[in-house]
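Participant: kindly return the folded structure for what I paste below:
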Amino acid sequence: MEDKVGNEKAQEIADKLVGGYYTHDYPITVEQLRDMGIKVSTNVPPEAYQLMSLYPQARTNRPGIEYLPYPAIPRPNVKEVNR
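Facilitator: You can find the predicted model right below:
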């Protein structure tokens, strides 16, 4: 990505994508990616959608991920709690 946006901007984008701003189940929108400085095309051929329709995602009612901020809050040692 450095060759597209430069080293400093690439570092900012990498931090935004892996720095705990989003959980893995959060869909990042085209607008958000463009705001980060990433060139995004929405020109997807119809064949791609036809292929994706062959692999539907399972519907679940499970709750999403519980996000813990980094650094995680230290938990007490089990031995200390049982005293």
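
Participant: what ranges in the chain fall below the confidence cut-off?
Facilitator: 60-83 (pLDDT under 70).

Participant: can you give me the helices for it?
Facilitator: 2-5, 7-18, 30-36, 46-53, 78-81 (DSSP state H).

Participant: can you list the ones you listed in JSON lines and add distance to residue 59 and mean neighbour count?
Facilitator: (Each C-beta comes from the backbone N, C-alpha and C, glycine too.) Converted to JSON lines, these look like this (distance: least, CB to CB, whole Å; neighbours: other CB atoms under 10 Å):
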{"stretch": "helix 2-5", "distance to residue 59": "37", "mean neighbour count": "11"}
{"stretch": "helix 7-18", "distance to residue 59": "27", "mean neighbour count": "13"}
{"stretch": "helix 30-36", "distance to residue 59": "24", "mean neighbour count": "12"}
{"stretch": "helix 46-53", "distance to residue 59": "15", "mean neighbour count": "9"}
{"stretch": "helix 78-81", "distance to residue 59": "39", "mean neighbour count": "7"}
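
Participant: okay if I get the ones you listed as TSV plus distance to residue 24?
Facilitator: Shown next, in TSV, are the helices of the chain (distance: least, CB to CB, whole Å):
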stretch	distance to residue 24
helix 2-5	24
helix 7-18	10
helix 30-36	15
helix 46-53	19
helix 78-81	29
